[in-house]
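A.B. asks: mind folding the following:
(one chain, ligands or ions: 1)
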Amino acid sequence: MIMGMPERLDRERLVALVADGPGRSAAAGVVRVVRAPGRVNLIGEHTDYNDGYVLPAAIDLEIAIACVPTDDGHASLTLEATGETAAVAILDVGDAAGVWTDYLAGTAREMSRTGLAVSGFRGVLSSTLPEGAGLSSSAALELASAWALSPAGGPDATPLEMARIAQRAENEYVGMRCGLMDQFASACGVAGAAVMLDCRSLEHRAVSLPDGLAICVVHSGVPRTLVTSEYNERRADCELAVATVQRLDPDVRALRDVDLSLLARAADLDVKAKMRARHVIEENDRVLRTVEAFAADDLVAVGELFAASHASLRDLYEVSCPEIDLLVQLAMVTPGVVAARMTGAGFGGCIVALARPEAVAGLWARVERDYPGATGRTPRMWQVRAVDGAGELTT
Ligand code: GLA
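C.D. replies: Here you go, the predicted structure:
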């Protein structure tokens, strides 16, 4: 399917995948099915690792794991899509190997280090969440793994604590220096709402979206090959800005503490680092204003804030690309589309568009008509719903 609603992961079908395999039927009674969602960030991009604000929503593109507990100290997982099986020794995971099981292994290691119980399982992973699309399939794999490794009922920790454990798995085991947003959204999502997180205090709250707004995610089809190296470089630019500004004001701990007038005084700051810092300072402000605009049902303001965010990510943070810019343009000229911008780390991936429900088909028609010929890429689009964070799949 190129455009549509995400397919639902059906619990009975997943149970059967694990329970009906050779010699497995006896285990049918103890099959657990756990799930973790991907996310789309509405606004607040590249702010999380600067102690700023983010406003993501967990979405119904998800990873589910159907599993049977084992007591052999191994987590063995088969990918439904390919049939590939890989196993991780959960109490002695070794080094990351640049493979998908690193996310499982890193999560097991960080859970053990935190003192949480982990136990082995034999499972099948089924997913509706595309990889490499910038919709946080890594975070979803970490959170789904955490639930599969935990006893029935889930980990003995809050969703926010689980998000931080998963982030450490990614930072310290996998080697991606991501902030907390993706793991936070996958762990703490709220059905029907976006979730605002203050990445310094870790206070968070659900932010309802105005009635009658569809959330559309359009995938550019551009592979995000440079994402880890470029991402880590942007973080280094921000750290350079903080270190330089600290010479003017020693109380500055992160870009969250810097305003534009203080930044303007940092005359010797590297030009690129100054551009990155300006994006972060203004983007934090845009998150707060977007939350206010949603509360006031002011969709014109939401549209302007999304447009300003996109322009800043393109021109100051330099993480967009021509394909993503074109998708945003196509969305913005479609009648009934209220707001559009790139979402996630950038370097390809997806845009998010908020649209009147009756405009969704028109958006897809325009993308399908104008995008492939201009770019040589195959787009995909989903109309997603905001869902709860990771947990047991109950129906
Ligand atoms: C990736 C990271 C997040 C965040 C975004 C950009 O998704 O994993 O922590 O930094 O990029 O906003």
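A.B. asks: neighbours of residue 98, how many?
C.D. replies: Neighbour count for residue 98, taken as other CB atoms under 10 Å: 8. Yep, even glycine has a C-beta here, placed from its N, CA and C like the rest.
A.B. asks: let me know the pLDDT of it.
C.D. replies: Turning to residue 98, the model gives it a pLDDT of 93.
A.B. asks: distance from the lengthiest strand in the chain to the middle of the chain?
C.D. replies: Longest strand in the chain by number of residues (criterion: DSSP state E): strand 53-69. What separates the centre of strand 53-69 from the centre of its chain is 9 Å, taken as CA atoms, centre = their mean, to the nearest Å.
A.B. asks: likewise for stretch 176-184?
C.D. replies: 8 Å.
A.B. asks: state the mean pLDDT of it.
C.D. replies: On average, stretch 176-184 scores 96.
A.B. asks: same thing with stretch 255-262?
C.D. replies: Rounded mean pLDDT across stretch 255-262 is 98.
A.B. asks: ok so, going back, near the ligand at all, the longest strand of the chain?
C.D. replies: No. Shown here: strand 53-69 not in contact with the ligand (CB under 6 Å from any ligand atom), separated by at least 6.8 Å.
A.B. asks: can you list the buried residues in stretch 4-13?
C.D. replies: Residues 6, 9, 11 are the ones in stretch 4-13 that count as buried (16 or more other CB atoms under 10 Å).
A.B. asks: over to stretch 291-309?
C.D. replies: 291, 293-294, 298-299, 301-306, 308-309.
A.B. asks: close enough to count as contact, residue 103 and residue 138?
C.D. replies: Yes. Look at residue 103 against residue 138 with CB atoms under 8 Å: they come within range, at 5.7 Å.
A.B. asks: please work out the residue of the stretch 201-350 of the chain nearest to the ligand and name it.
C.D. replies: Going by CB to the nearest ligand atom, the ligand is nearest to residue 345 of the stretch 201-350 of the chain, at 3.3 Å.
A.B. asks: sketch out the low-pLDDT regions of this structure for me.
C.D. replies: 1-2, 20-29, 226 (pLDDT under 70).
A.B. asks: could you pull out the strands for it?
C.D. replies: All strands of the chain, identified by DSSP E, fall at 3-4, 32-43, 53-69, 74-79, 85-89, 121-127, 193-198, 204-208, 214-219, 337-343, 350-355, 380-384, 391-392.
A.B. asks: just those: most buried one?
C.D. replies: Each of these was assessed for mean neighbour count using mean count of other CB atoms under 10 Å. The highest is strand 32-43, with a mean of 29.
A.B. asks: chain center to the longest helix seen in the chain: distance?
C.D. replies: Scanning the chain for the helix with the most residues, using DSSP state H, yields helix 271-295. Relative to the centre of its chain, helix 271-295 is centred 19 Å away, using CA atoms, centre = their mean.
A.B. asks: helices or strands up against it?
C.D. replies: strand 32-43, strand 53-69, strand 193-198, strand 204-208, helix 227-246, helix 260-265, helix 299-315 (3 or more CB pairs under 8 Å, 6 or more residues apart in numbering; DSSP states H and E).
A.B. asks: one more pass at 6 Å, please.
C.D. replies: Contact here means 3 or more CB pairs under 6 Å, 6 or more residues apart in numbering; DSSP states H and E; on that basis helix 271-295 packs against strand 32-43, strand 53-69, helix 227-246, helix 299-315.
A.B. asks: compute the inter-axis angle for the longest one and helix 271-295.
C.D. replies: With axes from the mean of the first three to the mean of the last three CA atoms, to 10 degrees applied, the angle from helix 227-246 to helix 271-295 works out at 100 degrees.
A.B. asks: and helix 227-246, what does it pack onto?
C.D. replies: Using 3+ CB pairs under 6 Å, 6+ apart: helix 227-246 touches helix 271-295.
A.B. asks: please apply the same query to the last one.
C.D. replies: In terms of contacts (3+ CB pairs under 6 Å, 6+ apart), helix 299-315 is packed against helix 271-295, strand 337-343.
A.B. asks: want to throw those into a markdown table with distance to residue 124?
C.D. replies: Output for the helices and strands packed on helix 299-315, formatted as a markdown table (distance: least, CB to CB, whole Å):
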| stretch | distance to residue 124 |
| --- | --- |
| helix 271-295 | 38 |
| strand 337-343 | 29 |
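A.B. asks: could those go into TSV alongside distance to the ligand?
C.D. replies: Output for the helices and strands packed on helix 299-315, formatted as TSV (distance: least, CB to the nearest ligand atom, whole Å):
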stretch	distance to the ligand
helix 271-295	9
strand 337-343	8
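A.B. asks: figure out which of these is closest to residue 63.
C.D. replies: For residue 63, the closest of these is strand 337-343, at 18.6 Å, according to CB to CB.
A.B. asks: would you list the strands that that closest one pairs with, along with their directions?
C.D. replies: Within its sheet, and counting by DSSP bridges, strand 337-343 is paired with strand 350-355 (antiparallel).
A.B. asks: ok, and what's touching the partner strand?
C.D. replies: 40, 133-134, 213-214, 216-219, 327-328, 331, 336-340, 342-343, 363 (CB atoms under 6 Å, 6 or more residues apart in numbering).
A.B. asks: the closest residue in space to residue 156 that isn't next to it in sequence and residue 162, how far apart?
C.D. replies: Spatial nearest neighbour of residue 156, chain neighbours left out: residue 116 (6.1 Å); criterion: CB to CB, 6 or more residues apart in numbering. Shown here: residue 116 relative to residue 162, a distance of 9 Å by CB to CB, to the nearest Å.
A.B. asks: higher neighbour count, the two?
C.D. replies: Shown here are residue 116 and residue 162; by other CB under 10 Å, residue 162 has more neighbours (30 against 19).
A.B. asks: could you give the number of residues near the closest residue to residue 320 other than its chain neighbours?
C.D. replies: Of all residues not flanking residue 320 in the chain, residue 314 sits nearest, at 4.0 Å (CB to CB, 6+ apart). Burial of residue 314 is recorded as 20 neighbouring residues (other CB under 10 Å).
A.B. asks: sweet, I'm off.
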